[in-house]
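A.B. asks: Here is my input, please return the structure:
(2 chains)
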Amino acid sequence: MIEFILNNHDITTDLPSGMTVLDFVRYRQNLKGTKIGCREGDCGACTILVGELVDEKVRYRSMTSCLMPLANAAGKHIVTIEGINPEDGSLTPVQQAMVDESGTQCGFCTIGFVMSLTGHCLSSGDRVSSTHVSRGSCSDLETAISAIDGNICRCTGYKSIERAAMRLSEPPASAGDQKADEKSPYVPTYFSNISSRIKSLRKATQSIPEETGRPLTPAVPTFVAGGTDTYVQKPDFFTENESDHLFYDDDLRGIRDLGDYIEIGASTTVTDLLETPVMNAIFPDLYKHLKLVSSTPIRNMATLAGNFVNASPIGDMTVWFLALDSSILMSSPPYEGGVAEGRGGSLTREIPLADFYLGYKQLAKSDDEIITAVRFKKPFGDFRFNFEKVCKRTYLDIASVNTAISLKLYEEGPPVPEILRSKVTDQRSKIELAHVSAGGVAPIPLYLRKTSAFLIDKEVSEETIDLAIEIIQDEISPISDVRGSDDYKRLLLRQLFRAHFVEMFPDMK
Amino acid sequence: MKNIDSHSHVRGESVYLDDIPLVEGTLFACVYDSAVAHGKLISVDTREAERSEGVHRIITAKDLIGENQIGGIVPDEPLLADGEVHFVGMPIAVVLAETEELARKAARKITAEIEPLPIVTDPRVAAANGDLIVPPKKFILGDTAEAFEHCEHVFEGRTEQNGQEHLYIETQGAYAVPTENGGLRVYSSTQGPTAVQRAVCRVTGLPMHQVEVDVQRLGGGFGGKEDQANAWAAICAVGVQLTKRPVKYALHRMEDMRMTGKRHPYSSDYKIGLDKDLKIVAYEVTFYQNAGASADLSPPVLERTLFHCTNSYYIPNVSATAYSCRTNLPPNTAFRGFGGPQGMFVIESAIAHASEKLGVPSSEIQRKNLIDNGDEFPYGQIAESDAITSWEQGNSKFDFAALQSEADNFNASSKYFKKGVAMMPVCFGISFTKTPMNQARSLVHVYTDGSIAVSTGAVEMGQGVNTKIAQVAAKVFGLQIEAVKVHTTNTLRIANTSPTAASAAADLNGKATQLACESIRDRLLEIAVPLVEAETAEAVTLTDGFVYRNGERTSLDWNTLVMTAHLERVNLSEHAHYATPGINFDWSTAKGHPFAYHVYGTAIVGVTVDCLRGRYEVDYVKCCHDFGTSMNTAVDNGQIEGGIVQGLGWMTMEEVLYDADGKLRSNALSTYKVPDIYSVPKEITILPLETSRENLAIFNSKAVGEPPLMYGIGAYFAIRNAIKAFRDCSPEIDAPFTPEKVLMNLYSSS
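C.D. replies: Numbering: from 1, shown residues only, chains lettered A, B, ... in the order given. As a prediction, this is how the structure comes out:
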């Protein structure tokens, strides 16, 4: 039994929890405004908004309904285009801007753009307060554009859609310090009651596997979090079978500053990272880096543990956390007080993320074990971090090669010899700690052990980089595939490793 | 004037194929297709699938009542494989089941025994084997052999161009519903309702009057639904014929990408000869078109490659030969530009090659050779040219030299980032090159409440053709556009349509609509003359919903006039026919006047390449474009911006990859990348060419669908120039310029 609000209607359904929200709204609710483009979260035609109660307010995020299991709708406000259309047949400011700027041609992708931009407008109040830090100097236009970075328009009217976004980034006079829950000009008035309606919903899915006609519970337990990879890899399996849904499990969420460590719940999304002040404080380029990771709706759904467990050799977040020398916490049943009571405290063990990968898609994890959190040592001193990723398309694409690096430099660098003064500036000094990772160059997301070890106690210099590059070439074993030839990947990692230093030490430009 | 669909588009209320409410009893189809690119089909085992839940029937080639054939131009394309399979994705069997999921589930249970045969994916290999779709085609002007002997400079080379996936966001699909006495109503996401009708009739054996094809709109077409919508409609039709139940098939993305053809890849050889003044004196080119497994639209695509092989240039001696090569890939098909871009890319490559060797900028060679009024195209048509005016007007607005020196200055001071600039003139002929296709009809009804319904053969797919047609009717009747409703494209209302293609739909259907409306208007004015006490019909006009006499408004309004006419038993409907005048082409001599007119334009494209990472961004595309006189600047600018971005995609990130076994590796949106919002040029500036030249376009508003796509070719050469600014090299010309190719060229030792 799953309860949620769909637009202005309360829904209670016994349908399989693995059914996608897309199929539910289109074929069970006859809401045909939400379109099917690719069913793998890559086109954005099926974008919906998902409202969640956070601190007594409803926070809306855009998600691709093709990858979202019905289970993840439990206790939420699901909004399709029909839920924002004014009843009198008129247009919302977002819709009007799209019309005025001729931002729609064939119209098939349009609804996705409208939903993404509406999500952007609904959260503009939030952004001022909470994500102001994360987006740093971003103008509102930049965030409006980033809201539609997961929407493909093939016709392709991006310039006119950009102009529509530009129009929207000049908010109407009344929308100054709008709270999402109060009357918003962007959505119908029924939105103002959603927060109280959500409170009365049963939050979790109640599964009744014994009921006839239910999908099968597989012999091996399967877990689904954001669904962004599981529903791309095996859509039929996950729609036809019952899984254990971890996405909105409160016990698995949250980013905690533990003093020496930062601990991040397994179901934390990439967007959560992006919007957390402590992460932005540690990683000043967080937005710039995470912008390279998929798209806004996918970042709103994709969880860290999902990325780790998927074990893709090019998993962006895995490569990112490998370079932080992270470790993961895992737990297995029986859970204290049952699943609903929380999984955090049960039979927990901690292993380095780098030891999690045994081979291609092979994990140091038993079938019923789940990741509960990832933690890394809170950096201090002269800490540098960089993330690089190159793909066919710079954004909204899967890496050909990605790589991350973290360095800690000795506080007081050794004196620079006279002969090197012209080349070496005072910014450069010796490396105390180094962790380098790379994806797309091995069967697993790779922690570059030898390279990392080599860098310690080395001078930051062209020579060090050149020597490290040679070690890297020995550590990797890329293969030719649709994302590039092995020669290209070797060359690319060499270049990206160099790019790390150019980025971390601006005077090397 | 905004697109008339924009209101329903932004509210999600526009109806596409998968949104049509289902009729009771509908079955869902799913195709089982070949996993082998070439082989003998020994047997198909459907037993397990037949027992699968919800399966109603499974169809193979032997079940067809009509002919197993959907080839539109050459009868070489069976609907379902019979005896042999010719590409991975070739349909073998069709499952009909109670739900879409059950149909898919059952299709996975079908197996086929296929004895492999040699696989050919390279068009040159196919040509060497003599495996051609149609005999080679040739254009000759002057005498190249002679001319080369007197050339100061002669350069030869080879270029490669990859294909392009259409990636219309709405996938292919059809929905067929039985009508009485064995007839069919077919809803199809097609650019060619009549092509669908013919294919359906062929496989079912029904006469055309028994089959109604109806098209509301497409969620993108780009040529991909010109002929390739036929198979899915035919499959649904056969399903209806065999089960007497409605049958629907909306393809999943990966099925669509695997089973349908794309823009044709070409491999080409060129030889270019210039005199000491950089005038191109002779040009020889040989095109090897990768047609895929059957003809589809490859022959006319090949022809348009020849028509545009000299782009915007006048070359007195040309010899162009084109081979349509049969390979074991899905049949490649129409894609915006229809072979024209492929022809233009080769001449631009040849010019880039010459400029590199001669140490002069490409733009100098380009400018010196632009076609002028009175010059002859290789196919005999005499140019009414705006090639030079569009270049010069563009230059005076954008200052090409300043943009180049801006890039040079930037490059001098930047270590890792380099800018490249390239010019791209475009000359594109408007008309179907097969002259008989240049005809259209329009059916206009004026109802007694004054409202107007228009039906034409044009299919709305985002290009705004229905908006333009509504504008035509509104203008002729002197009404607001709201008075006009453009209805679905339907073969019962409009028969024997040409596909919506060749950028020609607005011209052909718009002109037919104009004729229909004018006939009705003239009849109405005749009624109006005595009512407003005018002397003659010429003194009476329709404006703003009123009858005007000698330019002055009378009290007789549109609605009263219409009702009066009806009571006087005047015909308020008209079905008009338009055929483009003055065009012809004779393939026996390969000469004629195939195009109603040409569209000209000149673009300058600037890019920045990140030479550390091999990534690039397009800084700007600035173009001076020949609209004639645009009747709808909102729609036309959308077409220009869209065409440019699609062309950039083809030239940069879009890479169709097949492995040696003919299996598509770029088989989903996760592996085939089209431009996203960050990939578009930071700036697109469109300067309308100022010209007073009359043309055959509707209201003098020239066709705009395809020409701008070719501005995107400039991005390829701009990137190449940026790489050359980083290091002295001569990158081989092999499009698209993916980040991989960029980085390899920046650093490879060869």
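A.B. asks: C-alpha only now, for contacts and for neighbours.
C.D. replies: OK.
A.B. asks: tell me which parts of the stretch 251-400 of chain A are close to chain B?
C.D. replies: Within the stretch 251-400 of chain A, the positions near chain B by CA under 8 Å from any CA of the partner chain are A:Val390, A:Cys391, A:Lys392, A:Arg393, A:Thr394, A:Tyr395, A:Leu396, A:Asp397, A:Ile398.
A.B. asks: now, the most widely separated pair of the residues you listed?
C.D. replies: Greatest spatial distance among these (CA to CA): A:Val390 and A:Leu396, at 11.0 Å.
A.B. asks: Give me the subset of the residues of the stretch 251-400 of chain A next to chain B lying in strands.
C.D. replies: A:Val390 (DSSP state E).
A.B. asks: Go through the residues of the stretch 251-400 of chain A next to chain B and name the one nearest B:Gly601.
C.D. replies: The closest of those, once distances to B:Gly601 are taken by CA to CA, is A:Arg393, at 28.3 Å.
A.B. asks: In this model B:Pro675 seems to touch that closest one, though I could be wrong.
C.D. replies: Yes: A:Arg393 is in contact with B:Pro675 according to CA atoms under 8 Å; the separation is 7.4 Å.
A.B. asks: Touching both of those two, which residues are there?
C.D. replies: Both A:Arg393 and B:Pro675 are in contact with B:Met653, where contact means CA atoms under 8 Å, 6 or more residues apart in numbering or on different chains.
A.B. asks: who's more crowded, A:Val390 and A:Leu396?
C.D. replies: Higher neighbour count among A:Val390 and A:Leu396: A:Leu396, with 27 against 24, using other CA atoms under 10 Å in any protein chain shown.
A.B. asks: which stretch of helix or strand covers the closest residue to that one other than its chain neighbours?
C.D. replies: Closest residue to A:Leu396 apart from its sequence neighbours, by CA to CA, 6 or more residues apart in numbering or on different chains: A:Ser294 at 4.4 Å. Using DSSP states H and E, A:Ser294 maps to neither a helix nor a strand.
A.B. asks: do the one 4 residues further on as well
C.D. replies: Assigning secondary structure by DSSP H and E places A:Ile298 in helix A:296-301.
A.B. asks: Alpha carbons of that helix, in PDB - could you do that?
C.D. replies: C-alpha atoms of helix A:296-301 as PDB (Å, rounded to 0.1, in the frame of the first residue of the first chain):
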ATOM      1  CA  THR A 296      19.700  18.200 -12.000                       C
ATOM      2  CA  PRO A 297      16.900  15.700 -12.000                       C
ATOM      3  CA  ILE A 298      19.300  12.800 -11.800                       C
ATOM      4  CA  ARG A 299      21.400  14.600  -9.100                       C
ATOM      5  CA  ASN A 300      18.100  15.000  -7.200                       C
ATOM      6  CA  MET A 301      17.600  11.200  -7.200                       C
END
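A.B. asks: Give me the contact list for it.
C.D. replies: Against helix A:296-301 from outside (CA under 8 Å, 6+ apart): A:41, A:44, A:47, A:61-64, A:146-150, A:226-228, A:269-272, A:293.
A.B. asks: Take these and keep only those in helices.
C.D. replies: Taking DSSP state H as the definition of helices, those contribute A:Ser146, A:Ala147, A:Val270, A:Thr271, A:Asp272.
A.B. asks: just checking, the second one touches A:His120?
C.D. replies: Yes: using CA under 8 Å, A:Ala147 is in contact with A:His120, at 6.0 Å.
A.B. asks: Between the two, which is the more surrounded one?
C.D. replies: A:His120 (27 against 24).
A.B. asks: where does that one sit relative to chain B, distance-wise?
C.D. replies: 16 Å (CA to the nearest CA, to the nearest Å).
A.B. asks: where's that residue, which helix or strand?
C.D. replies: helix A:110-122.
A.B. asks: average pLDDT for that helix?
C.D. replies: Helix A:110-122 shows a mean pLDDT of 96.
A.B. asks: Return the distance of it from the chain's centre.
C.D. replies: Relative to its chain's centre, helix A:110-122 lies at 18 Å (CA atoms, centre = their mean, to the nearest Å).
A.B. asks: What helices and strands are in contact with that helix?
C.D. replies: Applying 3 or more CA pairs under 8 Å, 6 or more residues apart in numbering or on different chains; DSSP states H and E, we find helix A:110-122 packed against strand A:47-54, strand A:57-64, helix A:81-84, helix A:93-100, helix A:140-147, helix B:6-10.
A.B. asks: A:Ile262 - that's part of a helix, no?
C.D. replies: No: applying DSSP: H, G, I helix; E, B strand; the rest coil, one finds A:Ile262 to be strand, outside a helix.
A.B. asks: just the strands in the stretch 301-450 of chain B please.
C.D. replies: B:317-326, B:417-430, B:439-446 (DSSP state E, counting those that start in this stretch).
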